[in-house]
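What shape does this take:
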Amino acid sequence: MKKKAPEIETVATNRKARHDYEILEVFEAGIVLEGPEVKSLRLKQVQLAQSFARAEKDGVYLYGMHIQPYAFNTIKELDPLRTRKLLLNGQEIKKITKAASIKGAAIVPLEVYFKKGWAKVALALARGKKAPDKHEAKKKKDIDRELRRDFKEKFKG
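The predicted structure follows:
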């Protein structure tokens, strides 16, 4: 019997992160959430734009991820911007902590998704890009687009 690939349902992506940062390494982490937050995530009511992660002495925490309060919540009200703990193994925490201590390094969430029913976040060890690097990346992207367009027209038919 063949195994099926794990179903991944993307909830939110941080497109600006790939623009502003050079991605060095990506980790997958679980998120500690309350019940109503999971329901809001399933409805894709989350924003990663201003979020970042920080390694602390007892783990890695995600700051600034806005999860809109669930409309039919009957439990206590939750702060939409509260700090959320990320679930990683010990080796990953040590590696992230060590890499984040380097000047210019950051821990940035790239996307939030569900994998086999569990909420996950893709974390990236990243280094900030400077303005010339951003311009160079944009030029390269434009050139690639032109080449694809020319190739498509040339071999049309």
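
Does Leu86 touch Ala29 like I think?
Yes - counting by CB atoms under 8 Å, Leu86 touches Ala29, with 4.1 Å between them. C-beta coordinates here come from the backbone N, C-alpha and C atoms, glycine included.

Please identify which of these two sits among more neighbours.
Leu86 (25 against 22; other CB atoms under 10 Å).

Name the residues contacting each of Leu86 and Ala29.
Common contact partners of Leu86 and Ala29 (CB atoms under 8 Å, 6 or more residues apart in numbering): 60, 121, 123.

where along this structure do the strands fall?
In the chain, the segments counted as strands under DSSP state E are 8-13, 21-31, 46-47, 52-56, 59-63, 66-67, 84-87, 105-115, 118-128.

Please report how far the closest residue in space to His19 that isn't next to it in sequence lies from Glu28.
Distances taken as CB to CB, 6 or more residues apart in numbering place Lys134 nearest to His19, at 6.8 Å, with adjacent residues excluded. Distance from Lys134 to Glu28, counting by CB to CB, to the nearest Å: 27 Å.

can you check Glu92 too?
9 Å.

Any idea how far apart the tips of stretch 32-47 sit?
Using CA to CA, to the nearest Å, one end of stretch 32-47 lies 17 Å from the other.

I should have written stretch 64-76 there, sorry.
First-to-last distance for stretch 64-76 - CA to CA - comes to 20 Å.

contact partners of that stretch?
With CB under 8 Å, 6+ apart, stretch 64-76 has contacts from 33-37, 39-41, 43, 45-48, 50-52, 77-78, 80-81, 84, 109, 112.

Which residues does the longest helix that the chain contains contact?
Counting by DSSP state H, the longest helix found in the chain is helix 131-154. Here helix 131-154 makes contact (CB under 8 Å, 6+ apart) with 19-20, 22, 129.

give me the low-pLDDT residue ranges for this protein?
1-6, 157 (pLDDT under 70).

Now for Leu62: which residues touch it?
Counting by CB under 8 Å, 6+ apart, Leu62 has contacts 31, 51-53, 83-86, 109, 121.

For PyMOL, write the select line for the buried members of these.
Buried subset of these, written as a PyMOL selection, criterion 16 or more other CB atoms under 10 Å:
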select buried, resi 31+51+52+53+84+85+86+109+121
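
Throw the contacts of Leu62 into JSON lines and include distance to Thr13, thanks.
Listed next are these as JSON lines, based on distance: CB to CB, whole Å:
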{"residue": "Ile31", "distance to Thr13": "15"}
{"residue": "Ser51", "distance to Thr13": "12"}
{"residue": "Phe52", "distance to Thr13": "15"}
{"residue": "Ala53", "distance to Thr13": "16"}
{"residue": "Thr83", "distance to Thr13": "21"}
{"residue": "Arg84", "distance to Thr13": "18"}
{"residue": "Lys85", "distance to Thr13": "22"}
{"residue": "Leu86", "distance to Thr13": "17"}
{"residue": "Pro109", "distance to Thr13": "9"}
{"residue": "Val121", "distance to Thr13": "11"}
